[in-house]
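*Asks:* the following comprises the amino acid sequence and a computationally predicted model.
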Protein chains: 2
Amino acid sequence: MGTIYDLAKKTGFSITTVSKALNNYKDVSEKTRAKILKAAAEMDYLPNAHAQSLSTKKSWAIGVMFSEANEVGMKHPFFNGIIESFRHATEEQGYDLIFASRNLRNRDMSYLEHFKHRAVDGIVVICSDRMDEQVQELMQSDIPIVVVDMDSANCSVVYSDNTEGARLAVNYLHDLGHRHIAHIAGDQTIDAGAARVKGYELAMGALGLPIEPGYLVNAGFFSVEEGKQAMEKLLDLESRPTAVFVAGDQMAIGAIEAIHERGLRVPEDISVIGYDDIEMIKYITPKLTTIRQDTDEIGEAAAELLIEQMTAKERRTERRVIPVKLIERASCAPVNN
Amino acid sequence: MGTIYDLAKKTGFSITTVSKALNNYKDVSEKTRAKILKAAAEMDYLPNAHAQSLSTKKSWAIGVMFSEANEVGMKHPFFNGIIESFRHATEEQGYDLIFASRNLRNRDMSYLEHFKHRAVDGIVVICSDRMDEQVQELMQSDIPIVVVDMDSANCSVVYSDNTEGARLAVNYLHDLGHRHIAHIAGDQTIDAGAARVKGYELAMGALGLPIEPGYLVNAGFFSVEEGKQAMEKLLDLESRPTAVFVAGDQMAIGAIEAIHERGLRVPEDISVIGYDDIEMIKYITPKLTTIRQDTDEIGEAAAELLIEQMTAKERRTERRVIPVKLIERASCAPVNN
DNA sequence: CAAAGTACCGAAAGCGCTTTCGGGAAGAGG
DNA sequence: CCTCTTCCCGAAAGCGCTTTCGGTACTTTG
């Protein structure tokens, strides 16, 4: 591969000139630039990124902190969509993503420490738990950062319009004639969970519908199993809801499972509407009606906000709320009694 | 944060001694090591990874080349499981993963070039298309490498026991009394696709079952839609199969969809068995019986093979075939005629 | 008590690159 | 013909770290 020293020797110029030629400096003649570029191509020269970063203080790397409650990592059906889109957007600008481990050669360190060690230009955190100390630490650092799916006053964030999504869901069910609408909520310590609850309450209020006792059930961290258990509680109620707005698709899958196990039908007996629009819900029975979060848009917005900061080399704090959309499938129907 | 120069100034020792203290060299007394470590902690010192890599020629980074036919990237329900497990295994050893873009500041370069530029210690390629030029280039380089889900004589590889998986599937259907067993195959240019076809043919032969005309249908790149189309071809046949072994879960989902659309039932009219055991098939109706590929095991094996090479600093070529398992669910039943 | 270890420490070179600054040569202007 | 620009180029310092190679000072050993 060789270094600029080899190139210098080969072409007879100094390493200064070689470096300048490679970096399109104006003070090197076209003729010598051509010679140097030719020689570089011949010997398959590639600049060493570490050396470059060392001297320029820019690494063209973005640190990814990815963490969610269920420990599924990249298998997370919603977050991985965001990452993928983020990756595309940053890739176009020449940035590489680095997934840092928390341990550096047996000594373990925080994400922030690791990112500083790696000298990344910026950080993206995709995380739902705002209480996570690691996340707190990152948000308080002075490295350019963007946080996804969580709100914060002192760093750039992007998330979906959760209250509006909840409103869409509730109104849709109301339009179908439902008046007994329950909500299976995600954990309140998670922004998305809390916002959807708030949206549910607001929408119900605006429609003049009471939230009947037991109709608001907290299901935890958005897993199928938790959704199922929550639904069972609703089914045990004396006055069952005719429709339920579930704060996540996976929980909705669990809810439907619970309903089926009681011998009831979706949507004939109970309508279910989910949240997220993850891939698999197109293939379950019935196909799930849901509120789609635009993962492409979210990832792109995150990339944009971060790149902005990195090129300006300063932290900024901007909030981007991405619109949601109701996707009508087959799990909701007009109320039948 | 500071550098070792700051540490040297603060403690009164030379940078040499500081560096040695930090790196546990034997020729520095416990007393001075303690002083230096204390000072390092006080000023939140962190070594600069670029400087370290530059001087040690070791970057503690693994380049990830991730590519599949359907362009879904990290959303790929099978590959992302492998990545996740690979990540865990390498993380424990202190390696970071870097997802490289193909363009370096507007000039675009190959993955190999980019990885050389970044001076990664090793490469993992998770890719199904053996004809991909980029992959070819990587496999022929001299950087430690491990390839997943693909066979090759000249680099370390790990993949599932596809022929055995196919055998398991066919035998299972045979045990249920089926004699008219079709196969919806993945593309033959992909190793996994080819191996499963081979396994199907072998197993059928061993059982003395003929492969009836039209029973082997190629469905392309493992997508739901392609699976559906393939199944439609089978349903158009004069002598329909009573069971079908599908080379991928997503295709199986499509196949079931096709069957349902014809007003037929799974498994009462036609049994379907898939391949992979991706998350979502537990939630479709009927729950899909399938051949499970152990993504955890695959990822770990890949990590192991790669780390071995990286520590030895030499390319090796080892083949690791991971066993598969039949997961019985609800999409197969005894033949009923 | 001299010779030979042993324990600690530091100077300096090197990793591969960028960037400032100055200087020589050639062309422009008077 | 002399001065002032403009155009090219290179010396050298610097980025933050590792590692070799000596060199003291201090113990052992015979």
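*Replies:* All right, it came through fine. Residues are numbered from 1 along each chain as shown, chains lettered A, B, ... in the order given.
*Asks:* please count neighbours and contacts with C-alpha atoms only from this point.
*Replies:* Noted.
*Asks:* contacts for stretch A:112-127?
*Replies:* Contact with stretch A:112-127 is made by A:57-68, A:79, A:100-102, A:104, A:134-135, A:137-138, A:141, A:143-150, A:302, A:306, A:310, B:46-50, as judged by Cα atoms under 8 Å, 6 or more residues apart in numbering or on different chains.
*Asks:* start to end distance for that stretch?
*Replies:* End-to-end span of stretch A:112-127 (Cα to Cα, to the nearest Å): 15 Å.
*Asks:* so that stretch, near DNA strand C or not?
*Replies:* No. Using Cα under 7 Å from any atom of the strand, no contact is recorded between stretch A:112-127 and DNA strand C, whose separation bottoms out at 14.3 Å.
*Asks:* that stretch close to DNA strand D?
*Replies:* No. For stretch A:112-127, no contact with DNA strand D is found by Cα under 7 Å from any atom of the strand; the gap never falls below 8.2 Å.
*Asks:* tell me the helix or strand right after the longest helix that chain A contains.
*Replies:* In chain A, ranked by residue count with DSSP state H as the criterion, the top helix is helix A:295-312. Under the assignment DSSP states H and E, the closest C-terminal helix or strand after helix A:295-312 is strand A:319-322.
*Asks:* dump the residue contacts of the residue lying closest to residue A:333 once chain neighbours are set aside.
*Replies:* Using Cα to Cα, 6 or more residues apart in numbering or on different chains and skipping residues adjacent in sequence, the residue nearest residue A:333 is residue A:267, 5.5 Å away. Residues in contact with residue A:267, defined by Cα under 8 Å, 6+ apart, are A:286, A:330-333.
*Asks:* cross the contacts of stretch A:112-127 against helices and list the overlap.
*Replies:* Those of the contacts of stretch A:112-127 mapping onto helices are A:79, A:134-135, A:137-138, A:302, A:306, A:310, B:49-50, per DSSP H.
*Asks:* show the buried residues in the contacts of stretch A:112-127.
*Replies:* Applying a neighbour-count criterion of 16 or more other Cα atoms under 10 Å in any protein chain shown, the buried members of these are A:58-68, A:79, A:100-102, A:104, A:135, A:138, A:143-150, A:302, A:306, A:310, B:46-50.
*Asks:* what's the neighbour count on the residue nearest to residue A:5 when sequence neighbours are not counted?
*Replies:* With sequence-adjacent residues excluded and distances taken as Cα to Cα, 6+ apart, residue A:5 is closest to residue A:15, at 5.9 Å. Residue A:15 is surrounded by 17 other residues when neighbours are defined as other Cα atoms under 10 Å in any protein chain shown.
*Asks:* and the pLDDT at residue A:15?
*Replies:* Looking at residue A:15, its pLDDT reads 97.
*Asks:* pretty sure it sits against residue A:3.
*Replies:* No. With contact defined as Cα atoms under 8 Å, residue A:15 and residue A:3 do not form a contacting pair (9.4 Å).
*Asks:* residues in chain A within reach of DNA strand C, list them.
*Replies:* Proximity of chain A to DNA strand C (Cα under 7 Å from any atom of the strand) is limited to residues A:2-5, A:15-17, A:19-20, A:22-23, A:46-49, A:51-52, A:54-56.
*Asks:* now the residues you listed: which count as buried?
*Replies:* A:4, A:15, A:17, A:19-20, A:22, A:46-49, A:51, A:54.
*Asks:* what residues sit buried inside the helix or strand where residue A:90 lies?
*Replies:* Mapping residue A:90 onto the secondary structure by DSSP H and E places it in helix A:79-92. If you call a residue buried by 16+ other Cα under 10 Å, then helix A:79-92 has these buried ones: A:79-92.
*Asks:* tilt between it and helix A:295-312?
*Replies:* Inter-element angle recorded for helix A:79-92 and helix A:295-312: 40 degrees (by axes from the mean of the first three to the mean of the last three Cα atoms, to 10 degrees).
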